[in-house]
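Trainee: only the shape, not the letters, is given here:
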DNA sequence: TTGCCACTTCAAGTCGACTTGAGGTCAAGT
DNA sequence: ACTTGACCTCAAGTCGACTTGAAGTGGCAA
């Protein structure tokens, strides 16, 4: 079986070795053994790291990602949670679209009065509503 | 002129007083004076806070939002910066769309083999590339 | 066999955005 | 005039996700 040490894994993933050790400590990945003190990983670790990357991009915390990996090693079993997160992301996309439009509006509008513009105000109201939720991330 | 104290402002915005003090310390908002020790705010603070909320929703750090407020108190004057940020947000929207699709794919696919699906792998590659940036937010 | 240095562990530090707590002040109601 | 308690300041704590540093170990080239 082909194995890779932490330096190689770091090189191939772009993640610092410290992060990989940290992920192992958090049980997000696992090494298949040691050569002396040194960790050895096999190819499955790449998949695992890709899933972690996906989860991070989706805004999951490491704890949440941990929860996705069930005890038997299989991953992402909770479909309901996945759908919920997808919906959350959809929502965030909509907010970002409003915010982008708001920024562009401000950039285009030559007036100092864009703060009075109803379009801008509407966008701000949307942003403000989501403040509490957004601030939690 | 109508003024409001920190408790009233907190009540009307939903933000804790500690957060409002913190924002004042960061120069994101300003009080118009004091009654004894107590801060007094006027109506303009609501607009200011709405802009801060907007910025936070857009994923800006408080420092970035500070930068938007120019020294003379007017806001969002740097059109180039605004366009840049809008483009950045556009980019983030695209990533989130991929991530959402990835989550849905995993949720739908009843096989343990979704990890081999080319669509999924492509999405994961995109997510992985953006990991560093996403992790910073 | 020796020596280098990439790896190891473990504790502590960092960063952003706040929150919490101790100890102090003062506006306002009785 | 006194008390109450909401406000004040400033320092320190928190949380998540890592990073950094010191001190130790051992694989491998010469």
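Mentor: The structure has been received and is ready for your questions. Being a predicted model, the structure only gives us computed values, none of them experimental. Numbering: from 1, shown residues only, chains lettered A, B, ... in the order given.

Trainee: how confident is the prediction for residue A:33, by pLDDT?
Mentor: According to the per-residue confidence, residue A:33 scores 96 in pLDDT.

Trainee: which residues touch residue A:103?
Mentor: With contacts defined as C-beta atoms under 8 Å, 6 or more residues apart in numbering or on different chains, residue A:103 is in contact with B:58, B:76, B:82-83, B:85-86, B:89. (Each C-beta comes from the backbone N, C-alpha and C, glycine too.)

Trainee: which one in the residues you listed is the model shakiest on?
Mentor: The weakest per-residue confidence within those falls on residue B:76 (59).

Trainee: so which of the contacts of residue A:103 are in strands?
Mentor: With strands identified by DSSP state E, none of the entries of these belong to them.

Trainee: redo these as CSV? Include distance to DNA strand D and neighbour count.
Mentor: Output for the contacts of residue A:103, formatted as CSV (distance: C-beta to the nearest atom of the strand, whole Å; neighbours: other C-beta atoms under 10 Å in any protein chain shown):
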residue, distance to DNA strand D, neighbour count
B:58, 20, 23
B:76, 27, 23
B:82, 28, 19
B:83, 29, 14
B:85, 23, 23
B:86, 27, 20
B:89, 22, 22
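
Trainee: among the residues you listed, which are within reach of chain A?
Mentor: Restricting these to those touching chain A (C-beta under 8 Å from any C-beta of the partner chain) yields B:58, B:76, B:82-83, B:85-86, B:89.

Trainee: now for the residues you listed: which two are most distant?
Mentor: Considering C-beta to C-beta, no two members of the ones next to chain A among the contacts of residue A:103 lie farther apart than B:76 and B:89, which are separated by 14.3 Å.

Trainee: quick one, domains of chain A?
Mentor: Taking automatic domain parsing as the domain assignment, the ranges for chain A are A:4-68, A:79-136.

Trainee: can the first one be said to contact DNA strand C?
Mentor: Yes - contact between domain A:4-68 and DNA strand C is present through A:5-8, A:17, A:21, A:37-39 (criterion: C-beta under 7 Å from any atom of the strand).

Trainee: low pLDDT regions in chain A?
Mentor: In the predicted model of chain A, residues A:70-77, A:109-116, A:119-120, A:123-137 satisfy pLDDT under 70.

Trainee: let's see 80
Mentor: Across chain A, the stretches falling below the confidence threshold (pLDDT under 80) are A:1, A:70-78, A:102-103, A:106-137.

Trainee: all strands of it, in order?
Mentor: Under DSSP E, chain A gives strands at A:4-5, A:33-35, A:38-41.

Trainee: can you put these in CSV and add mean neighbour count?
Mentor: Supplementary listing: the strands of chain A in CSV, determined by neighbours: other C-beta atoms under 10 Å in any protein chain shown:
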stretch, mean neighbour count
strand A:4-5, 18
strand A:33-35, 10
strand A:38-41, 18
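
Trainee: could I get those strands in TSV, plus columns for distance to residue A:66?
Mentor: Rendered in TSV, the data for the strands of chain A read as follows (distance: least, C-beta to C-beta, whole Å):
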stretch	distance to residue A:66
strand A:4-5	23
strand A:33-35	22
strand A:38-41	18
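
Trainee: want to throw those into TSV with distance to chain B?
Mentor: Formatted as TSV, the entries for those read as follows, by distance: least, C-beta to the nearest C-beta, whole Å:
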stretch	distance to chain B
strand A:4-5	17
strand A:33-35	23
strand A:38-41	16
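
Trainee: quick one: closest of those to DNA strand D.
Mentor: Closest approach to DNA strand D among those is made by strand A:33-35 (5.2 Å; C-beta to the nearest atom of the strand).

Trainee: hmm, the closest one touching DNA strand D?
Mentor: Yes - counting by C-beta under 7 Å from any atom of the strand, DNA strand D is contacted by strand A:33-35 at residue A:35.

Trainee: and the contacts of that strand?
Mentor: Contacts of strand A:33-35 with the rest of the structure, by C-beta under 8 Å, 6+ apart, involve A:5, A:39-40.

Trainee: thank you, goodbye.
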